[in-house]
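In: Got a predicted structure here, sequence first:
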Amino acid sequence: MKKTFLIALALVLASDPVPAVSGAVKFPKGSMVVAGQIGLNTYVRTADPWADPFQAMPFPVGGSFEFFVSDHLGIGGTVMFDQWSDYLGMFGGKYTFRLFKPSFDVAYHFRPGKMDGLDLFAGTSLGYSLLSVGNELGNVYKGNLRNEPHLAPFLGTHLHFWENLSGFLGRLMLTLKVTWSVTGNFSGVYGTAGIAYRI
């Protein structure tokens, strides 16, 4: 899976971006995009493949923001949240894990305005995983999971279903993204899907 991700990233980066034509740019300099999103798998499965959590959120949830400093380049941030519970010992009581993953993102958008209904982008996130652990009996968590920095390159696309319409629908998009977190206990490949709106 990691090799497939790297090959796809290399192909996108090797493509020759075509300069945007005036009036055809989907995200002109100074525009902003906000998105709500859900994860397609939980971070706990990535952190511990042998874990058998219960009361786990079916999908991590979060949001993102991007500001376009040029017709191709955007900067912004993402915050994701996940929660699950587990028994780590026969008499240890229930442990509840809450994971926040804020990050600073940089994305490069390929061929803006040149592909109808489609905006491909690639970039990287630099952030910090903030883990909070509580126990119903007051026991201290002694496991390996902890707060830690993370670095995560990503590939994504915005799908415009009504880009030729004016008003609200013309600014609404479906956003899909595949991220490979390459550091820490929560490393691995995961995906997100969401609804985005261009301001």
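Out: Looks like it came in fine. What you see is a predicted model; the values in this text were computed from it and never measured. Residues are numbered from 1 along each chain as shown.
In: ok so Gly170 is a strand residue?
Out: No. Read with DSSP: H, G, I helix; E, B strand; the rest coil, Gly170 is helix and lies in no strand.
In: Go ahead and confirm it touches Glu163.
Out: Yes. Counting by C-beta atoms under 8 Å, Gly170 touches Glu163, with 6.1 Å between them. (Glycine included, C-beta is placed from N, CA and C.)
In: Pick out whichever of these two has more residues nearby.
Out: Taking other C-beta atoms under 10 Å, Gly170 and Glu163 do not tie; Glu163 has more neighbours (18 against 14).
In: Check the secondary structure at the more buried one for me.
Out: Under three-state DSSP, Glu163 falls in the coil class.
In: Make 184 the starting number, not 1.
Out: Understood, numbering begins at 184; the last thing we discussed is Glu346.
In: Need phi/psi at it.
Out: Backbone dihedrals for Glu346, given as degrees, to the nearest 10, come out at phi -70, psi -20.
In: So which residues of the protein form strands?
Out: Ranges of strands within the chain are 215-222, 244-251, 256-270, 277-293, 301-318, 331-342, 355-364, 371-381, based on DSSP state E.
In: can you list those in JSON lines and add mean pLDDT, distance to Gln238 and mean neighbour count?
Out: Output for the strands of the chain, formatted as JSON lines (pLDDT from 0 to 100; distance: least, C-beta to C-beta, whole Å; neighbours: other C-beta atoms under 10 Å):
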{"stretch": "strand 215-222", "mean pLDDT": "94", "distance to Gln238": "17", "mean neighbour count": "19"}
{"stretch": "strand 244-251", "mean pLDDT": "96", "distance to Gln238": "15", "mean neighbour count": "20"}
{"stretch": "strand 256-270", "mean pLDDT": "92", "distance to Gln238": "4", "mean neighbour count": "19"}
{"stretch": "strand 277-293", "mean pLDDT": "94", "distance to Gln238": "8", "mean neighbour count": "19"}
{"stretch": "strand 301-318", "mean pLDDT": "94", "distance to Gln238": "13", "mean neighbour count": "18"}
{"stretch": "strand 331-342", "mean pLDDT": "95", "distance to Gln238": "24", "mean neighbour count": "18"}
{"stretch": "strand 355-364", "mean pLDDT": "93", "distance to Gln238": "24", "mean neighbour count": "20"}
{"stretch": "strand 371-381", "mean pLDDT": "92", "distance to Gln238": "20", "mean neighbour count": "18"}
